[in-house]
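>>> Give me a 3D structure for the following:
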Amino acid sequence: MRKPKKSTRINVRIEPSKKEEFMDYCEKILGEKDISKVLRGFIYGKLEAKEKILKEYSKI
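Coordinates of the predicted model:
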């Protein structure tokens, strides 16, 4: 019998002044409109998304 997978809830706060910019970036560069999918990819190690986000936002 399989054990049920545990769900992890992650709360992320994006500054209101940066939210629109980040949403545009997610859609334009990563091709994804859903911020939660982008952040999950970042956290769970989808390296392509992680590298793109770090590259873009480490400049700020």
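>>> Look through the chain and tell me its longest helix.
Secondary structure of the chain per DSSP state H: the longest helix is helix 16-29.
>>> model confidence over that helix, on average?
Helix 16-29 shows a mean pLDDT of 80.
>>> do stretch 52-60 as well
69.
>>> What strand or helix carries the residue nearest in space to the middle of the chain?
Centrality entry for the chain: nearest residue to the mean C-alpha point is Leu39, 2.0 Å, by C-alpha atoms, centre = their mean. Element membership of Leu39, judged by DSSP states H and E, is helix 35-43.
>>> For that helix, which helices and strands make contact with it?
Judged by 3 or more C-beta pairs under 8 Å, 6 or more residues apart in numbering; DSSP states H and E, the packing partners of helix 35-43 are helix 16-29, helix 47-57. From N, CA and C alone the C-beta is placed, and that goes for glycine too.
>>> Mean neighbour count and distance to Lys3 added to the ones you listed, as a markdown table?
Compiled in a markdown table, those are given as follows (neighbours: other C-beta atoms under 10 Å; distance: least, C-beta to C-beta, whole Å):
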| stretch | mean neighbour count | distance to Lys3 |
| --- | --- | --- |
| helix 16-29 | 13 | 33 |
| helix 47-57 | 13 | 28 |
